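Peer 1: Compute the structure for the input listed below.
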Amino acid sequence: NHLRDAAMCRAEADWLVGLNATRALTCKYNAQLSCGRVQTPTLAIIAKREEEIRNFRPKAYWGLTARTSKPALTLTWQDKKSGGMRSFDRDRMEGLQKSLRDQQVWITKVKKTPKKTMAPLLYDLTELQRDANKRFGYSAKETLNIMQRLYENHKILTYPRTDSRYLSSDVIGTLKERLKACAVGPYKKMAGSLSMKPVKANKSFVDDKKVSDHHAIIPTEQFVQLEHLTNEERKIYDLVVRRFLAVLYPPFEYEQTTVKAGCEEEEFLAKGKIVLKEGWKEAYEGSWSDEEDEEQKGESALREQKLPNLEKGMQFSNNIRIEIITGTTRPPAHFNEATLLSAMENPVRYMESRDAKTVKTLGETGGLGTVATRADIIDKLFHSFLMEKRGKEIFITSKGRQLLKLVPEDLKKPELTADWENKLSKIAEGKLKDKIFLSEIRIYAQELTKEIKTGDGTFRHDNLTNTKCPVCGKRMLAVNGKNSKLLVCQDRECGHRETISRTSNA
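Peer 2: Sure, this is the predicted structure:
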């Protein structure tokens with residue numbers, strides 16, 4: 001009963017606040033302006049990123065490399081004090097280049113470390129939406145729809161709207177059946193050989209504590225007929241199956257070699273690896289690129305290279321080229337659907353107060369929106385023309401920018417979600433009465449409406465055209481839909497709209 005009360009409260013609170021604030025804005029400014037507890041902070045996150053990009057001033061930096069020809073080796077200079085590989089002081093680097101020219105380079109240390117990496121975790125919906133967006137350019141909504149078909153119509157993948165990337169221990173007994181079911185086409189050999197061996201459930205993908213209401217997305221025991229799937233369904237199915245096979249494979253093993261070299265007083269580094277066992281990467285049959293591992297380390301990491309046989313004390317004296325490398329610092333990237341999903345999942349970076357309790361609550365409740373609603377929220381922001389796509393990147397429209405100025409400050413912050421979730425979890429535990437929470441929300445909705453009513457902002461349509469509406473005669477607005485261009489009547493009462501052009505697959 002307490003759980004039901006909490007769910008009822010969440011639905012009613014979102015309704016009361018979202019509807020009243022949306023209607024107040026729409027009536028006051030006679031324009032379709034919608035706001036809500038999740039969509040407005042999401043829009044504010046995009047606006048904040050654009051602000052950062054606008055205020056970014058690129059700085060030039062310099063670094064040094066030492067290249068030897070026999071054997072071929074590229075060493076990168078490292079600052080002894082800071083450990084960084086770049087410097088903002090050009091004169092210093094040019095001075096170093098002159099002083100190190102024609103000097104001997106000797107190897108001071110060769111460190112070989114055997115390392116193992118486990119397969120990446122299984123998919124939850126958000127991670128699958130991110131991957132599908134990165135690889136195939138699918139929007140979050142498209143991925144969810146394809147996933148839903150694979151679950152409902154074909155019955156070959158498990159429930160999609162999950163926020164867990166682990167399996168619960170009761171699923172382990174069914175893994176062999178699942179492997180047999182997907183042992184067709186390109187997966188026949190891998191799934192077949194895995195189903196012959198006993199399946200070991202290890203902590204890396206089985207953890208009851210990390211499964212809330214549904215486990216990660218994996219294949220079902222239903223036999224698959226690949227020829228019945230569309231091209232899109234094949235791609236999503238392929239992602240899920242390969243990830244499922246990967247976690248059942250042993251770890252990827254390699255030997256990491258780090259080389260330190262000295263030249264005069266300066267220090268240089270090089271890094272490389274030798275693969276010992278492919279492990280889980282076999283499941284990807286060469287389609288897993290190391291760039292995906294690099295992405296996690298960031299751009300300042302030292303690049304791997306194929307290293308010759310090196311030993312401590314080796315010296316290089318002739319044909320050493322000391323070169324200066326230059327670059328400029330890069331602004332943060334614009335959001336695309338993949339990175340926006342990550343920001344919604346973990347909005348802590350965009351909060352103004354860094355209150356530990358709020359951060360913890362947002363972390364536990366999974367950020368803004370739920371796995372099941374995020375795709376719809378993003379879609380809604382596109383459809384109400386508050387943001388638009390240019391290529392793959394997402395930009396806020398002038399309508400979105402104006403809306404953020406007109407919306408009450410409170411609604412723009414992820415903290416509101418954290419505050420509600422705190423109270424809702426108390427209701428679920430029976431520590432707070434639902435009536436108290438809802439009466440607070442009613443007062444809050446009245447305050448919001450009053451604040452909007454007395455606001456002194458103005459809203460300007462910046463997309464008015466000279467085309468008159470055939471119904472009411474007012475000038476129409478030109479808007480970019482998600483994949484079409486439209487003319488929409490500026491008067492909401494009239495609501496007439498015409499499609500001018502549509503982007504198709506052709």
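Peer 1: show me where the stretch 101-250 of the chain has strands.
Peer 2: Applying DSSP state E, counting those that start in this stretch to the stretch 101-250 of the chain gives strands spanning 105-117.
Peer 1: Tell me, how many residues neighbour residue 160?
Peer 2: Neighbourhood size, residue 160 [other C-beta atoms under 10 Å]: 26. Yep, even glycine has a C-beta here, placed from its N, CA and C like the rest.
Peer 1: is it true that it touches residue 140?
Peer 2: No. Look at residue 160 against residue 140 with C-beta atoms under 8 Å: they stay out of range, at 11.8 Å.
Peer 1: for the stretch 201-350 of the chain, which spans come out with low pLDDT?
Peer 2: Applying pLDDT under 70 to the stretch 201-350 of the chain flags the ranges 290-301.
Peer 1: what do you get if the cut-off is 50, keeping everything else the same?
Peer 2: 298 (pLDDT under 50).
Peer 1: With the chain instead?
Peer 2: Scanning the chain for pLDDT under 50 picks out 298.
Peer 1: Where is the longest helix in it?
Peer 2: The longest helix of the chain (DSSP state H) is helix 2-29.
Peer 1: What helices and strands are in contact with that helix?
Peer 2: With contacts taken as 3 or more C-beta pairs under 8 Å, 6 or more residues apart in numbering; DSSP states H and E, helix 2-29 sits against helix 398-406, helix 415-428, helix 434-453.
Peer 1: can I get the ones you listed in CSV with distance to residue 27 and mean neighbour count?
Peer 2: Shown next, in CSV, are these (distance: least, C-beta to C-beta, whole Å; neighbours: other C-beta atoms under 10 Å):
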stretch, distance to residue 27, mean neighbour count
helix 398-406, 12, 19
helix 415-428, 23, 19
helix 434-453, 9, 15
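Peer 1: Where do the helices of the stretch 301-450 of the chain begin and end?
Peer 2: Along the stretch 301-450 of the chain, counting by DSSP state H, counting those that start in this stretch, helices occupy 337-345, 356-365, 374-383, 398-406, 415-428, 434-453.
Peer 1: Need these in JSON lines (columns: distance to residue 43).
Peer 2: Formatted as JSON lines, the helices of the stretch 301-450 of the chain follow (distance: least, C-beta to C-beta, whole Å):
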{"stretch": "helix 337-345", "distance to residue 43": "10"}
{"stretch": "helix 356-365", "distance to residue 43": "18"}
{"stretch": "helix 374-383", "distance to residue 43": "6"}
{"stretch": "helix 398-406", "distance to residue 43": "6"}
{"stretch": "helix 415-428", "distance to residue 43": "14"}
{"stretch": "helix 434-453", "distance to residue 43": "16"}
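Peer 1: now for those helices, which one comes closest to residue 47?
Peer 2: For residue 47, the closest of the helices of the stretch 301-450 of the chain is helix 398-406, at 5.6 Å, according to C-beta to C-beta.
Peer 1: can I have the closest one written out in CSV, keeping just the CAs?
Peer 2: C-alpha atoms of helix 398-406 as CSV (Å, rounded to 0.1, in the frame of the first residue of the first chain):
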residue,chain,number,x,y,z
SER,A,398,15.5,30.5,-29.5
LYS,A,399,12.1,29.4,-28.2
GLY,A,400,13.9,27.1,-25.7
ARG,A,401,16.2,29.9,-24.6
GLN,A,402,13.2,32.3,-24.0
LEU,A,403,11.3,29.6,-22.2
LEU,A,404,14.2,29.1,-19.7
LYS,A,405,14.0,32.9,-18.9
LEU,A,406,10.2,32.7,-18.3
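Peer 1: Which residues does it contact?
Peer 2: 25, 29, 31, 33, 35, 40, 43-44, 46-47, 381, 385-387, 412, 452, 455, 457, 459-460, 462-463 (C-beta atoms under 8 Å, 6 or more residues apart in numbering).
Peer 1: Using neighbour counts, trim these to the buried set.
Peer 2: Buried by 16 or more other C-beta atoms under 10 Å: 25, 29, 31, 33, 35, 40, 43-44, 46-47, 381, 385-387, 412, 452, 455, 459, 463, out of these.
Peer 1: Skip the chain neighbours and tell me the closest residue to residue 29.
Peer 2: Nearest non-adjacent residue to residue 29, counting by C-beta to C-beta, 6 or more residues apart in numbering: residue 459, 3.9 Å away.
Peer 1: ok so the one you found is a helix residue?
Peer 2: No. Applying DSSP: H, G, I helix; E, B strand; the rest coil, one finds residue 459 to be coil, outside a helix.
Peer 1: tell me the contacts of it?
Peer 2: 29-31, 33, 402, 406.
Peer 1: rewinding a little: mind giving me a markdown table with the helices and strands packed on helix 2-29 and columns for distance to residue 191?
Peer 2: Below are the helices and strands packed on helix 2-29 laid out as a markdown table (distance: least, C-beta to C-beta, whole Å):
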| stretch | distance to residue 191 |
| --- | --- |
| helix 398-406 | 47 |
| helix 415-428 | 40 |
| helix 434-453 | 49 |
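Peer 1: which stretch among those comes nearest residue 179?
Peer 2: Using C-beta to C-beta, the nearest of the helices and strands packed on helix 2-29 to residue 179 is helix 415-428, at 37.8 Å.
Peer 1: now the closest one and helix 434-453, what's the angle there?
Peer 2: 160 degrees (axes from the mean of the first three to the mean of the last three C-alpha atoms, to 10 degrees).
Peer 1: Would you mind listing the outside residues contacting helix 415-428?
Peer 2: Applying C-beta under 8 Å, 6+ apart, the set of residues contacting helix 415-428 is 2-3, 5-6, 9-10, 13, 37-38, 41, 351-353, 355, 357-359, 361-362, 364-365, 367-368, 410, 432-434, 437.
Peer 1: Which of these are buried? Put it as a ChimeraX command.
Peer 2: Of the contacts of helix 415-428, the buried ones go into a single ChimeraX selection, burial set by 16+ other C-beta under 10 Å:
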select :5,6,9,10,13,37,38,41,351,358,359,361,362,365,367,368,410,432,434,437
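Peer 1: And the nearest residue to residue 261 once chain neighbours are set aside, its phi and psi?
Peer 2: Spatial nearest neighbour of residue 261, excluding adjacent residues (C-beta to C-beta, 6+ apart): residue 268 at 4.5 Å. Torsion angles at residue 268 (phi, psi; degrees, to the nearest 10) stand at phi -130, psi 150.
Peer 1: can you pull the contacts of residue 268?
Peer 2: Residues near residue 268 by C-beta under 8 Å, 6+ apart: 64, 66, 75-78, 105, 260-262.
Peer 1: For these, pick the one with the most neighbours.
Peer 2: Among those, the one with the most neighbours (other C-beta under 10 Å) is residue 77, at 26 neighbours.
Peer 1: in what helix or strand does the residue nearest to residue 493 when sequence neighbours are not counted lie?
Peer 2: Leaving aside its chain neighbours, residue 493 sits nearest to residue 472 (7.9 Å; criterion: C-beta to C-beta, 6+ apart). Counting by DSSP states H and E, no helix or strand carries residue 472.
Peer 1: Tell me how far residue 472 lies from residue 71.
Peer 2: Counting by C-beta to C-beta, to the nearest Å, the gap between residue 472 and residue 71 amounts to 79 Å.
Peer 1: Settle it for me: which of the two has more neighbours?
Peer 2: A direct count of neighbours by other C-beta under 10 Å for residue 472 and residue 71 places residue 472 higher, at 14 against 11.
Peer 1: how about the more buried one, what does it touch?
Peer 2: Residue 472 neighbours (C-beta under 8 Å, 6+ apart): 489, 491, 493-494, 496.
Peer 1: Give me the buried subset of those residues.
Peer 2: For the contacts of residue 472, a burial check counting by 16+ other C-beta under 10 Å picks out 489, 491, 494.
Peer 1: Look at the second one and give its secondary structure.
Peer 2: Secondary structure for residue 491, judged by three-state DSSP, is coil.
Peer 1: Just confirm it contacts residue 468, I think it does.
Peer 2: No. Checked against C-beta under 8 Å, the pair residue 491 and residue 468 is beyond contact range at 11.7 Å.
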